[in-house]
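**Q** heads up, no residue letters with this:
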């Protein structure tokens, strides 16, 4: 009689271990599913934040690009009023370079696709730097050419 009780006890213990192991595995799966759901939600929130930042940034820089359009038009008028045709040609060549940079910036802003926070931060830093450089170049367009022109005429 002792033998069947021992077998039943052992079988009961084995069944308990098996069932308790299944419960633990299902808990792990449930926690993993919850983690995935939370990670996806966090990713969507982060993506929405970056998209909102991009829309604001794009709007601000569209205004800057429109100001640069006006600056370029004013520079064109001043170049057209230049009496020295050789100097006018040099100024126009420089302005053409600035206009190419301006078109490139506009194209980059319009074609940018968000693929993550790091990508957005890199783009924003690079774009801001290039925008600042273009703005400085346009603001100092005639002072630079004037200094360059007088320096070349003063050389022996």
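**A** That came through, no problem. The structure displayed is predicted, hence computed values, not measured ones.
**Q** now the host helix or strand of residue 44: mean pLDDT?
**A** Applying DSSP states H and E as the criterion places residue 44 in helix 2-80. For helix 2-80, mean pLDDT rounds to 84.
**Q** What is the subsequent helix or strand relative to it?
**A** Per DSSP H and E, the first helix or strand lying C-terminal to helix 2-80 is helix 85-111.
**Q** quick revisit: just the angle for the helix holding residue 44 relative to helix 85-111, thanks.
**A** Orientation note: helix 2-80 sits at an angle of 160 degrees relative to helix 85-111 (axes from the mean of the first three to the mean of the last three Cα atoms, to 10 degrees).
**Q** and helix 2-80, what other elements does it pack with?
**A** helix 85-111, helix 117-139, helix 141-154 (3 or more Cβ pairs under 8 Å, 6 or more residues apart in numbering; DSSP states H and E). (Each C-beta comes from the backbone N, C-alpha and C, glycine too.)
**Q** List the buried residues in the longest one.
**A** Buried residues in helix 85-111, counted by 16 or more other Cβ atoms under 10 Å: 90-91, 94-95, 98-99, 101-102, 105, 109.
**Q** Return the closest of those residues with respect to residue 129.
**A** Residue 129 lies nearest to residue 105 out of the buried residues of helix 85-111, by Cβ to Cβ, at 10.8 Å.
**Q** Good, we can wrap up now.
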